[in-house]
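*Asks:* Here's a sequence, model it:
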Amino acid sequence: MSERIELKQYQAVRTTESDKSDLNNYKMNREKGQNWRQFLVGVISNLSSITVGLCLGWTSAAESKMKNASESPLSIFPTVEEFSWISSLLPLGALVGPYIAGPLADIIGRKWTLLSSSLFFILSFILLILTCNIPQIFVARLLQGLGVGFVMTVQTMYIGEIASDECRGALGSFMQLGIVIGILYVYCVGPFVSFVAYQYICLIVPIVFVITFFLMPDTPQFYISKNRDAEAIKSLRFLRGKSAEGVQKEFDLIKKSVAESLKNKGSIRDLFSNKGNIKALIISSGLLTFQQLSGINVVLFYCQSIFEKAGSSLEPAVATIIVGAVMVFASGCTPLVVERLGRKLILLFSAAGMSISLGLLGAFFFLDDQKNPIVESIKWLPIVSLIAFVFVYCVGFGPLPWAVSGEVFSPEIKSNASSIATSICWIFGFIVTKWFALLSAEIGSYGAFWLFTALCIIAFIFTMTTVIETKGLSLQQIQDRLNGRR
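*Replies:* Numbering: from 1, shown residues only. Alright, predicted model coming up:
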């Protein structure tokens with residue numbers, strides 16, 4: 001408020017042409033703006049992330065319904081092999097999606113590519129409402145995967161380009177928060193409604209996203225790349241809550257950056273043309289790979305069945321809801337601390353915590369497999385271990401690999417690099433999800449969870465030795481650091 005009064009007083013006494021120039025300089029250098037605007041856009045854009053969460057958590061309740069003759073829409077029960085495909089077709093679709101979404105984001109814009117992801121989600125839930133056979137469910141899950149691939153590729157680009165330097169880390173964490181809200185949503189309603197009602201409830205979210213996000217602007221970088229400078233300034237004014245003069249300096253910097261990136265438009269081969277690009281790809285792909293190798297998709301897809309198999313003392317559906325609520329709480333913490341503690345420290349904490357919690361979960365299943373009498377007195381351990389796992393995952397390795405991925409790539413290679421990194425992520429997501437049941441049968445549930453424990457330890461070492469800290473750095477400063485420049 002005092003800033004506005006000061007500005008009005010300044011305007012009242014400055015009337016000459018030179019003073020008008022001073023006023024413009026005043027606005028350019030002193031106008032504070034309104035950061036809540038970019039947070040509003042971030043929240044609305046992440047309704048698409050909530051839809052991703054719906055799809056990731058969908059199988060937890062749907063599996064038990066399809067096994068129940070009174071609730072299943074199918075005439076026959078799916079086999080174990082068919083269930084593995086129902087779970088793993090989503091990562092397979094998400095593997096393909098980025099190669100469509102990346103180029104499309106450069107052609108029609110980040111906004112319209114994100115909006116188009118909802119077509120896959122809406123069509124998939126309509127198919128599930130009408131389903132009467134397993135192949136139809138396969139198609140629906142593959143469509144959901146394509147939508148997930150679109151969102152995961154373009155959402156990081158959109159947020160990275162609308163956010164100011166001081167808000168980029170917090171806004172980048174919103175994707176994971178949206179995903180876990182979607183997971184909690186299906187955990188809460190899935191076990192307690194019919195199969196068809198379950199699909200209708202899921203269908204609401206992508207429809208609301210389309211209606212609200214349609215009103216939001218595209219990124220200034222996209223508008224400038226298409227020589228639509230007036231729209232770029234309008235977008236910046238909306239996002240920053242400033243006058244045209246107030247955003248002029250940022251507009252000039254973005255325009256220069258975009259001009260350089262268009263001049264040096266990168267191909268996939270350019271990803272390997274210099275040390276900075278290679279290091280960015282290693283960091284992004286490595287973090288996203290370890291995100292999947294932590295076993296998170298196994299926990300999300302089979303959460304209810306894990307509790308059932310463990311013979312938990314708590315009702316499996318209730319335990320699953322508790323896990324979902326913890327995920328939301330943990331993901332909500334990240335935007336509050338990421339700019340204070342930095343990405344790297346939180347990632348190290350996350351990897352260490354996942355290692356310990358998965359190790360304990362594996363120990364429980366080992367004791368249970370050995371028929372050890374102590375199992376009866378530690379029925380609480382699977383709940384505590386999974387709650388601890390999802391907490392540390394959602395604080396660190398859930399949101400931050402996507403946030404870092406949106407920061408480390410230079411503009412000229414960002415769309416190609418994001419597509420490759422996201423695809424690598426979902427290749428491992430497909431492998432883990434498709435063959436977890438077979439792996440558990442071969443080496444036991446305890447062996448599978450101990451394998452995830454070892455991979456989380458490797459993730460800790462990778463983060464410690466390879467990942468750079470991006471807290472408080474501009475996108476150009478990040479590129480300088482990756483390339484070894486001061």
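
*Asks:* what is the mean pLDDT for stretch 329-345?
*Replies:* The pLDDT scores in stretch 329-345 average 80.

*Asks:* Check stretch 44-56 too.
*Replies:* 93.

*Asks:* Report the backbone C-alpha coordinates of it in CSV.
*Replies:* Taking C-alpha atoms only, stretch 44-56 is exported to CSV below (Å, rounded to 0.1, in the frame of the first residue of the first chain):
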residue,chain,number,x,y,z
ILE,A,44,-4.7,-23.7,-12.1
SER,A,45,-2.2,-25.2,-14.5
ASN,A,46,-1.5,-28.0,-12.0
LEU,A,47,-5.1,-29.2,-12.1
SER,A,48,-3.6,-31.2,-15.0
SER,A,49,-1.2,-32.7,-12.4
ILE,A,50,-4.1,-33.7,-10.2
THR,A,51,-5.5,-35.6,-13.2
VAL,A,52,-2.1,-37.4,-13.5
GLY,A,53,-2.4,-38.3,-9.9
LEU,A,54,-5.9,-39.8,-10.5
CYS,A,55,-4.5,-42.0,-13.2
LEU,A,56,-1.5,-43.1,-11.1
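
*Asks:* Number of residues surrounding residue 398?
*Replies:* Using other CB atoms under 10 Å, residue 398 has 25 other residues around it. Where you see a C-beta, it was placed from the backbone N, CA and C, and this is true even at glycine.

*Asks:* Need the nearest residue in space to it, chain neighbours excluded.
*Replies:* residue 176 (4.1 Å; CB to CB, 6 or more residues apart in numbering).

*Asks:* what's the answer for residue 275, then?
*Replies:* Nearest residue to residue 275, sequence neighbours excluded (CB to CB, 6+ apart): residue 483, at 6.0 Å.

*Asks:* Now for that neighbour: which residues touch it?
*Replies:* 274-276 (CB atoms under 8 Å, 6 or more residues apart in numbering).

*Asks:* Please apply the same query to residue 326.
*Replies:* With contact taken as CB under 8 Å, 6+ apart, residue 326 is in contact with 387, 390-391, 394.

*Asks:* Of the residues you listed, which belong to helices?
*Replies:* 387, 390-391 (DSSP state H).

*Asks:* Give me the buried positions along whichever strand or helix holds residue 205.
*Replies:* If you go by DSSP states H and E, residue 205 is part of helix 195-213. For helix 195-213, the neighbour count (16 or more other CB atoms under 10 Å) marks 195, 198-199, 201-203, 205-206, 209-210, 213 as buried.

*Asks:* quick one: which of these is nearest residue 33?
*Replies:* Comparing the buried residues of helix 195-213 against residue 33 with CB to CB places residue 213 closest, at 22.0 Å.

*Asks:* Distance of that closest one relative to residue 130?
*Replies:* 27 Å (CB to CB, to the nearest Å).

*Asks:* and what of residue 110?
*Replies:* Distance, residue 110 to residue 130, using CB to CB: 32 Å.

*Asks:* Work out for me the element residue 468 sits within.
*Replies:* Assessed by DSSP H and E, residue 468 sits outside every helix and strand.

*Asks:* burial of the nearest residue to it once chain neighbours are set aside, as a residue count?
*Replies:* In space, and not counting its chain neighbours, residue 468 is closest to residue 481: 5.8 Å by CB to CB, 6+ apart. Other residues within reach of residue 481, judged by other CB under 10 Å, total 17.

*Asks:* any low-confidence regions in the stretch 351-486 of the chain?
*Replies:* Residues of the stretch 351-486 of the chain meeting the criterion pLDDT under 70: 411, 415, 437-438, 440-441, 444, 486.

*Asks:* ok, 90 please
*Replies:* For the stretch 351-486 of the chain, the stretches with pLDDT under 90 are 361-388, 390-391, 394-396, 398-451, 466-486.

*Asks:* Can you show me the helices along it?
*Replies:* Along the stretch 351-486 of the chain, counting by DSSP state H, counting those that start in this stretch, helices occupy 381-392, 400-408, 414-466, 475-482.

*Asks:* Out of those, which one sits most buried?
*Replies:* Most buried of the helices of the stretch 351-486 of the chain, by mean neighbour count (mean count of other CB atoms under 10 Å): helix 400-408, with a mean of 27.

*Asks:* Strands of the chain, start to end?
*Replies:* Assigned by DSSP state E, the chain shows no strands.

*Asks:* how near is residue 366 to residue 453?
*Replies:* For residue 366, the distance to residue 453 - CB to CB - is 12 Å.

*Asks:* do residue 419 as well
*Replies:* Per CB to CB, residue 419 is found 31 Å from residue 453.

*Asks:* Residue 271 contacts residue 278, doesn't it?
*Replies:* Yes: with contact defined as CB atoms under 8 Å, residue 271 reaches residue 278; the gap is 7.3 Å.

*Asks:* Out of the two, name the residue with the larger neighbour count.
*Replies:* The neighbour count for residue 271 versus residue 278, taken as other CB under 10 Å, is higher for residue 271 (18 against 13).

*Asks:* residues contacting that one?
*Replies:* 277-278, 281, 413, 416-417, 420.

*Asks:* Could you single out the nearest of those residues to residue 42?
*Replies:* residue 417 (22.0 Å).

*Asks:* Please report how far that closest one lies from residue 260.
*Replies:* Residue 417 is 16 Å from residue 260, by CB to CB.

*Asks:* And residue 198, by the same measure?
*Replies:* Using CB to CB, residue 198 is found at 49 Å from residue 260.

*Asks:* cool, residue 134 as well?
*Replies:* Residue 134 sits at a distance of 51 Å from residue 260 (criterion: CB to CB).

*Asks:* Of those two, which one has the most company?
*Replies:* Each of residue 134 and residue 260 has its neighbours counted (other CB under 10 Å); residue 134 has more, 19 against 12.

*Asks:* Assess the claim that that one and residue 77 are in contact.
*Replies:* No: using CB under 8 Å, residue 134 makes no contact with residue 77, being 9.8 Å away.

*Asks:* Contacts for stretch 413-421 next, please.
*Replies:* For stretch 413-421, contacts defined as CB under 8 Å, 6+ apart pick out 98-99, 101-103, 105-106, 153, 156-157, 266-268, 270-271, 277, 280-281, 284-285, 288, 405-406, 409.

*Asks:* Please convert the buried members of those residues into PyMOL selection syntax.
*Replies:* In PyMOL syntax, the buried subset of these is picked out as below (16+ other CB under 10 Å):
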select buried, resi 98+99+101+102+105+106+153+156+157+266+270+271+277+280+281+284+285+288+405+406+409
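
*Asks:* Return the subset of the contacts of stretch 413-421 lying in helices.
*Replies:* Per DSSP H, those map to helices at 98-99, 101-103, 105-106, 153, 156-157, 277, 280-281, 284-285, 288, 405-406.

*Asks:* For the residue lying closest to residue 218 once chain neighbours are set aside, which residues are in contact?
*Replies:* Nearest non-adjacent residue to residue 218, counting by CB to CB, 6+ apart: residue 111, 4.0 Å away. The contact partners of residue 111, taken as CB under 8 Å, 6+ apart, are 158, 213, 216-219, 222.
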